[in-house]
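Peer 1: Sequence below, structure please.
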Amino acid sequence: MLLLALFVLWQNLSYPLGNLAEPGAGFVPLFLGLALAAVSMVIIFGGGSSRSLKVIGWAEAPRVVLILAAFAGAAFALERVGYRLTIFGLLVFLIGVVERKPVIPTATAAIGFSALTYFVFVHLLEVQLPRGPWGL
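Peer 2: I've put the predicted structure just below:
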């Protein structure tokens, strides 16, 4: 993680930082790289003393592959189906199928999260998100 943080910070040198009033293209990546470096330092110096250190075993590998496949499918579907339906489907799959939670809380969380994040990005942050063939 520390090497990734250093790589992000090194790549960020070519972007302008700007200031708090008008942040440049390198403003957020700088702070993300610094945060990743700080977390990695905490893990390097304090992580070895943890008594509840768990390593993911091979038994978890199919679940990890399933989750990665879900994200790959969502990336493929985003432009074709639209943001709201893609996020809804991804969350239903992850919460309902992978985590095996009940249908009503799963549907409620998926609908709420997809609608709320769409509202925040489109109306508050004014980011254009993909719309599907049905306008969703």
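Peer 1: can we go C-alpha only for contacts and neighbour counts from here?
Peer 2: Will do.
Peer 1: tell me the SS of residue 101?
Peer 2: coil (DSSP: H, G, I helix; E, B strand; the rest coil).
Peer 1: Just give the closest residue to it, not the sequence neighbours.
Peer 2: With CA to CA, 6 or more residues apart in numbering as the criterion, residue 101 has its nearest non-adjacent residue at 6.0 Å, and that residue is residue 95.
Peer 1: pLDDT weak spots in the chain?
Peer 2: 47-57, 136 (pLDDT under 70).
Peer 1: Return the distance of the spatially most central residue of the chain relative to residue 77.
Peer 2: With distances taken as CA atoms, centre = their mean, the residue of the chain nearest its centroid is residue 71 (9.8 Å). Residue 71 sits 10 Å away from residue 77, going by CA to CA, to the nearest Å.
Peer 1: Return the set of buried residues in the strand or helix carrying residue 40.
Peer 2: Applying DSSP states H and E as the criterion places residue 40 in helix 27-46. For helix 27-46, a neighbour-count test (16 or more other CA atoms under 10 Å) marks 27, 29-30, 33-34, 36-37, 40 as buried.
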